[in-house]
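In: Curious how this folds, go ahead:
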Amino acid sequence: MEEDYVADSAADAGGSNTTTPPQQNNADNFSSPPPKDTAAPSAPGSVASECDACFSLRHDDLADFRFFLHDPQQLQTDEDLHAIQVTDIPFFIKKNDVTALFKKYGNIQSCCLHTHTNAKVQQARIVYDDASSIQHFIDKQWAIYCYSTCLHIMPCSLTLDQKKSRREFVAVLSQLPPNIIDVHLAPLVREIGAMAVNISILINLKDGPTSLLNHNK
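Out: Predicted coordinates:
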């Protein structure tokens, strides 16, 4: 903007006596173009020869290398071999509580709590880094107490028939006293050899709380 203002002032005052300074050569206002690359381009044949030479090299360390199609379902199935599903978790029990309770059985890779729509309890999926960590829940233990609540454990590696068999033998206790909780029935569970207990909050009976005892036979 400053250059335009000075030029306009000189034009207004000058008339014909104003001498115009010689203009510089326009070529001086531009930098010289970069030198052209005089190197001859590689011939197509030489490039092809280099590629052929590269492919012909032996890579013994990659002899067993194979590609597989990405299959999320298969990945999920493989993860099930060292994962468990924990159910009947009250909402006052948090993720840190669940992790602290189950980490004594092995190194936990992930722990995710989720809730189905309109559900009154939570579920958790716990993935260990080794399949041996869940073997205890396959052979011996079906449940665990957390804050006086019995949490049910289902190994994800079990077949549908095996999962169904864990619900096949169930004893129902009715007319229980008010305010009873799962841990109050722990002595009875040990005495009769039950695998799990649950004070149902889904069955409303006027006679009192109802308990479900799971047996393995």
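
In: what sits against L158?
Out: I138 (C-beta atoms under 8 Å, 6 or more residues apart in numbering). In short, each C-beta sits where N, CA and C put it, glycine included.

In: Would you list the phi and psi of it?
Out: Here is the backbone geometry of L158 (degrees, to the nearest 10): phi -70, psi 150.

In: try E168
Out: phi -80, psi -40.

In: Number of residues surrounding it?
Out: 10 (other C-beta atoms under 10 Å).

In: got it, and L160?
Out: 7.

In: mind checking how far it is from R166?
Out: 11 Å (C-beta to C-beta, to the nearest Å).

In: do N216 as well
Out: 8 Å.

In: the more surrounded of these two?
Out: R166 (19 against 13).

In: so who does that one touch?
Out: Per C-beta under 8 Å, 6+ apart, neighbours of R166: W142, M154, M195, N214, N216.

In: Just the buried subset of these, please.
Out: W142, M154, M195, N214 (16 or more other C-beta atoms under 10 Å).

In: Just send these back as TSV, with distance to V121 too.
Out: Output for the buried ones among the contacts of R166, formatted as TSV (distance: C-beta to C-beta, whole Å):
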residue	distance to V121
W142	17
M154	14
M195	19
N214	16
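
In: Show me these that map onto strands.
Out: When DSSP state E defines the strands, the subset of the buried ones among the contacts of R166 inside them is M154, N214.
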